[in-house]
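K.L.:
return a 3D structure for these sequence lines:
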Amino acid sequence: MYENHKKHVINYAGKELIIETGKHAQLANGSCLVRYGDTVVLSTITASKEPRPG
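P.N.:
Have a look, this model is predicted:
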């Protein structure tokens, strides 16, 4: 379903650190979802092909 979806699971200080890319925020050029315990962070990036004037 998600061609570029990657998921990495790392055990860090006794908790799972989960990093997912390519699945969330499909309208953005790139996104990364990071989970650690009860904390979740979604980071996205967008860019245009042409620079804006100014």
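K.L.:
list the residues that contact the residue nearest in space to the middle of the chain.
P.N.:
The chain has C32 as the residue nearest its centroid, 0.7 Å off, counting by C-alpha atoms, centre = their mean. Listed by C-beta atoms under 8 Å, 6 or more residues apart in numbering, the contact set of C32 reads 19-21, 42-44. C-beta coordinates here come from the backbone N, C-alpha and C atoms, glycine included.
K.L.:
just the buried residues of these.
P.N.:
20-21 (16 or more other C-beta atoms under 10 Å).
K.L.:
out of the contacts of C32, list just those in strands.
P.N.:
If you go by DSSP state E, those have 19-21, 42-44 in strands.
K.L.:
how about those residues in CSV, adding pLDDT?
P.N.:
Output for the ones in strands among the contacts of C32, formatted as CSV (pLDDT from 0 to 100):
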residue, pLDDT
I19, 98
E20, 96
T21, 94
L42, 97
S43, 97
T44, 96
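K.L.:
element containing the residue nearest to I10 when sequence neighbours are not counted?
P.N.:
In space, and not counting its chain neighbours, I10 is closest to L17: 4.5 Å by C-beta to C-beta, 6 or more residues apart in numbering. Under the criterion of DSSP states H and E, L17 resides in strand 15-21.
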